[in-house]
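Engineer: structure, please.
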Amino acid sequence: MSKSAPPPRPTDAELAILEVLWQRGPSTVRDVHEALAERQTGYTTVLKLMQIMVDKRLLARDEAQRSHVYRALVDQERTRRRLVAELVDKVFGGSAAQLVMHALSEEKATPAELAEIRGVIDDYEKKRGAR
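Structural biologist: Got it, this is the predicted structure:
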């Protein structure tokens with residue numbers, strides 16, 4: 001893998017680890033393991049996954065202290081956009097509208113969430129109209 005190639009798409013287990021690091025910031029394996037306690041993942045499994053993620057350039061490891069501290073190398077927003085784009089392409093034939101309509105038909109959005117969605121649509125239309 002060349003240095004300029006983007007890191008690979010994280011697996012579901014790797015994404016769970018990234019979510020912990022995005023939320024908490026740099027953390028030890030023990031910190032991440034405790035945050036993932038409800039998943040009932042063993043400590044050594046979390047350790048091995050995080051070591052693999054360093055090799056894949058998803059995480060960086062600071063070995064300056066006795067307990068190594070890991071931090072995410074991939075940006076949360078960029079990763080989410082990439083995953084959503086893949087979902088739209090694979091499941092909804094490239095149609096973002098189909099994704100949104102399906103999501104809203106399956107889940108009850110709160111009034112606040114609907115207002116936020118309307119705001120995103122308004123911003124999108126303003127940007128599109130400016131072109």
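Engineer: so where do the helices sit in the chain?
Structural biologist: 12-24, 29-35, 43-55, 76-91, 96-106, 111-129 (DSSP state H).
Engineer: so where is this structure shaky, pLDDT-wise?
Structural biologist: The chain contains residues with pLDDT under 70 at 1-4, 130-131.
Engineer: can you pull the domain assignment for it?
Structural biologist: Domain assignment for the chain by automatic domain parsing gives 12-72, 76-129.
Engineer: single out the most deeply packed of those domains.
Structural biologist: domain 12-72 (a mean of 15; mean count of other CB atoms under 10 Å). Quick note: C-beta positions are derived from backbone N, CA and C, even for glycine.
Engineer: what is the end-to-end distance of that one?
Structural biologist: End-to-end distance for domain 12-72, by CA to CA, to the nearest Å: 15 Å.
Engineer: about what we covered before: quick one: which of the domains of the chain is nearest residue 5?
Structural biologist: Taking CB to CB, domain 12-72 is the member of the domains of the chain nearest to residue 5, at 8.9 Å.
Engineer: distance from that closest one to the middle of the chain?
Structural biologist: 14 Å (CA atoms, centre = their mean, to the nearest Å).
Engineer: before we move on, what about stretch 89-101?
Structural biologist: 19 Å.
Engineer: need the residues that contact that stretch.
Structural biologist: By CB atoms under 8 Å, 6 or more residues apart in numbering, the surrounding residues in contact with stretch 89-101 are 84, 87-88, 102, 117.
Engineer: with just CA atoms, put that stretch into PDB.
Structural biologist: Included here for stretch 89-101 are C-alpha records, laid out as PDB according to Å, rounded to 0.1, in the frame of the first residue of the first chain:
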ATOM      1  CA  ASP A  89     -24.300   3.500  -4.400                       C
ATOM      2  CA  LYS A  90     -24.700  -0.100  -3.300                       C
ATOM      3  CA  VAL A  91     -28.200  -0.100  -1.800                       C
ATOM      4  CA  PHE A  92     -30.000   2.800  -3.300                       C
ATOM      5  CA  GLY A  93     -28.700   2.900  -6.900                       C
ATOM      6  CA  GLY A  94     -26.900   6.200  -6.300                       C
ATOM      7  CA  SER A  95     -30.100   8.000  -5.100                       C
ATOM      8  CA  ALA A  96     -29.600  10.000  -2.000                       C
ATOM      9  CA  ALA A  97     -33.300  10.800  -2.100                       C
ATOM     10  CA  GLN A  98     -34.200   7.100  -1.900                       C
ATOM     11  CA  LEU A  99     -31.900   6.800   1.200                       C
ATOM     12  CA  VAL A 100     -33.600   9.700   2.900                       C
ATOM     13  CA  MET A 101     -37.100   8.600   2.100                       C
END
